[in-house]
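Trainee: Next come a sequence and a model predicted from it.
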Amino acid sequence: MKQISEKLIKEELFQTFDNNFSESELDTIIAFYETQAGQKTLKINAVLKEILTSALINKHLLDLKTKMIQRYNEIK
């Protein structure tokens, strides 16, 4: 099942890139990610994704908590 999922994800990614970038643009992107700066970008993007996801979850939880307290105060 895991292999099927990975295959589907790769196919979807391929199709997305194919639909949005020319061959020349893809060559440029690949060349960039083969550089030291490109490799660093990949590492930093993974960390940034985790940080941003956590920040968004915390913000939404705080908003939800505030709304719940307001609603509780309205009905008591």
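Mentor: Right, received. Where do you want to start?

Trainee: need the helix or strand of this protein with the lowest average pLDDT.
Mentor: helix 2-20 (a mean of 85; mean pLDDT, DSSP states H and E).

Trainee: Now do the buried residues in that one.
Mentor: Residues of helix 2-20 classed as buried by neighbour count (16 or more other C-beta atoms under 10 Å): none. (C-beta placed from N, C-alpha, C; glycine too.)

Trainee: which other residues reach it?
Mentor: Leu26 (C-beta atoms under 8 Å, 6 or more residues apart in numbering).

Trainee: Can you dump the C-alpha atoms of the next helix or strand after that helix in PDB for me?
Mentor: For helix 2-20, the following helix or strand on the C-terminal side (DSSP states H and E) is helix 23-33. Once non-C-alpha atoms are left out, helix 23-33 reads as follows in PDB (Å, rounded to 0.1, in the frame of the first residue of the first chain):
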ATOM      1  CA  GLU A  23      11.200  21.900 -20.000                       C
ATOM      2  CA  SER A  24      13.700  24.700 -19.800                       C
ATOM      3  CA  GLU A  25      12.300  25.900 -16.500                       C
ATOM      4  CA  LEU A  26      12.500  22.400 -15.100                       C
ATOM      5  CA  ASP A  27      16.100  22.200 -16.100                       C
ATOM      6  CA  THR A  28      16.800  25.400 -14.300                       C
ATOM      7  CA  ILE A  29      15.000  24.300 -11.200                       C
ATOM      8  CA  ILE A  30      16.900  21.000 -11.200                       C
ATOM      9  CA  ALA A  31      20.200  22.800 -11.700                       C
ATOM     10  CA  PHE A  32      19.400  25.000  -8.800                       C
ATOM     11  CA  TYR A  33      18.600  22.100  -6.400                       C
END
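
Trainee: Sweet, I'm off.
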